[in-house]
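J.: Fold the following for me, if possible:
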Amino acid sequence: MAQKDFTMSISVDAVTKIYGRQKALDTVSFEIKTGEIVGYLGPNGAGKSTMMKIITGFLPQTTGTVKVCDIDTREYSDTFRRKIGYLPEHNPLYPEMYIKEYLNLVAGIYKLPNKKSRVQEMIELTGLGYEQHKQIGALSKGYRQRVGLAQALIHNPEVLILDEPTTGLDPNQIVEVRNLIKSIGREKTVMLSTHIMQEVEAICERVIIINKGRIVADQKANELTGIKNNESIVEVEFEKQPDLKKLNQIPGVVSVEIQANGIIQLSSESDTDIRKEVFQFAVSEGLVLLSMNRKEQGLEEIFHSLTQS
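T.: Model (predicted):
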């Protein structure tokens, strides 16, 4: 595989967006290199879709600068439009049109010289073959999403902006679309917004988390678990239930909680490893320790800790 070009496909510099009295984005800055697949996460109302609309030129920022492939998005040039493909969260389609008819329309808007072959290529790429002779209004939500993905790709853009791309897909379709996005990411820059954390872990090389209009995390996906929460959890299973009062008196233990399956969760401060003390407790109490595991934070826990009120 060819080595990726580390020029910047997306450059966001101190972008603020104000609606009336509400500040949807507050001096947001980040850069995305050519060939990166970046997960862009945040709770509802955090500013995700607003940022994506600004990057794609559908919405102007109040202040700040956004460039896509070194072109300022405020120029609204044809060159800029050809550089970017966009699948919005609410996929706007013409339900009365047939799939091929619609994709031919989009290809015509971009003035593609090879419309017929390009439309057929997109139908095969996005798995629309069995449905290609149907009207869009007769398609399931999952297949309508595939049509949206096909229109975003048809002009072969360098940058792809995907807002909730697997909405409405069944588990098999989700895997197919994930694989498609990963394949696209070998040649294009992909910015992906989703609420499905497993999707980010499966696809994205890097994660940007936004909360209340500000960036709260921007790291490689495999390094994000290094963000510490305010507590550490050790899961312990004994052959018989210990004295919980004594268990709570182990040095470093902040709280004790029994789960439905009998496993006991011991919480401590994030920088404290209590496993040695737990083992010594089991020995002193004559308890058989069946298992002990320090629970690592997953992306979901990290997202919650960074975005909760």
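J.: what distance separates the helix or strand containing residue 118 from the centre of its chain?
T.: Using DSSP states H and E, residue 118 sits in helix 115-125. In terms of Cα atoms, centre = their mean, to the nearest Å, the centre of helix 115-125 is set 27 Å apart from its chain centre.
J.: Please point out which parts of it sit buried.
T.: 115, 118-119, 122-123, 125 (16 or more other Cβ atoms under 10 Å). For the C-beta atoms, the positions are set from N, CA and C on the backbone; glycine is no exception.
J.: And for stretch 290-297, what's in contact with it?
T.: 225, 227, 229, 232-239, 263, 265, 273, 275, 278-279, 305 (Cβ atoms under 8 Å, 6 or more residues apart in numbering).
J.: Can I have the buried ones of those as a ChimeraX selection?
T.: The ChimeraX selection below is limited to those of the contacts of stretch 290-297 classed as buried (16+ other Cβ under 10 Å):
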select :227,232,233,234,236,238,275,278
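J.: Which other helices and strands does the helix holding residue 118 contact?
T.: Under the contact criterion of 3 or more Cβ pairs under 8 Å, 6 or more residues apart in numbering; DSSP states H and E, helix 115-125 touches helix 99-109, helix 141-153.
J.: can you tell me which of the ones you listed comes nearest to residue 93?
T.: Nearest to residue 93 among those is helix 141-153; the distance by Cβ to Cβ comes to 6.0 Å.
J.: got the contact list for residue 20?
T.: For residue 20, the contact set (Cβ under 8 Å, 6+ apart) is empty.
J.: quick revisit: so which residues make contact with the helix holding residue 118?
T.: 99-100, 103-104, 107-108, 112, 128-129, 132, 150-151, 153-154, 180.
J.: Drop anything exposed from these.
T.: 99-100, 103-104, 107, 112, 128, 150-151, 153-154, 180.
J.: for stretch 41-50, the distance to its chain's centre please.
T.: 11 Å.
J.: got the CA coordinates for that stretch in CSV?
T.: In CSV, the C-alpha atoms belonging to stretch 41-50 read as follows (Å, rounded to 0.1, in the frame of the first residue of the first chain):
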residue,chain,number,x,y,z
LEU,A,41,-17.9,12.5,18.6
GLY,A,42,-20.0,14.4,20.9
PRO,A,43,-23.4,14.3,22.7
ASN,A,44,-26.5,15.7,21.0
GLY,A,45,-26.2,19.5,20.7
ALA,A,46,-22.5,19.5,21.1
GLY,A,47,-21.8,21.1,17.7
LYS,A,48,-20.9,18.1,15.6
SER,A,49,-23.4,18.6,12.7
THR,A,50,-22.7,22.4,12.8
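J.: buried sites along it?
T.: For stretch 41-50, the neighbour count (16+ other Cβ under 10 Å) marks 41-43, 46-50 as buried.
J.: still on that earlier bit, mind picking the two most distant members of the buried ones among the contacts of helix 115-125?
T.: 104 and 180 (21.4 Å).
J.: how about the closest residue to residue 163 other than its chain neighbours, secondary structure?
T.: Excluding the flanking residues, the one nearest residue 163 by Cβ to Cβ, 6 or more residues apart in numbering is residue 89, at 4.2 Å. Assigned with DSSP: H, G, I helix; E, B strand; the rest coil, residue 89 falls in the coil class.
J.: Residue 89 reaches residue 162, doesn't it?
T.: No - assessed by Cβ atoms under 8 Å, residue 89 is found out of contact with residue 162, at 9.5 Å.
J.: The two - which one has more neighbours?
T.: residue 162 (26 against 15; other Cβ atoms under 10 Å).
J.: Need the three-state assignment for the more buried one.
T.: Judged by three-state DSSP, the three-state class of residue 162 is strand.
J.: Check what pLDDT it gets.
T.: On pLDDT, residue 162 comes in at 92.
J.: Provide the partner residues of it in its beta bridges.
T.: residue 87, residue 192 (DSSP bridges).
J.: pretty sure it contacts residue 191?
T.: Yes - Residue 162 lies in contact with residue 191 (Cβ under 8 Å); the separation is 7.0 Å.
J.: SS state for the nearest residue to residue 60 once chain neighbours are set aside?
T.: Nearest residue to residue 60 in three dimensions, chain neighbours excluded: residue 74, at 6.5 Å (Cβ to Cβ, 6+ apart). At residue 74, secondary structure determined by three-state DSSP is helix.
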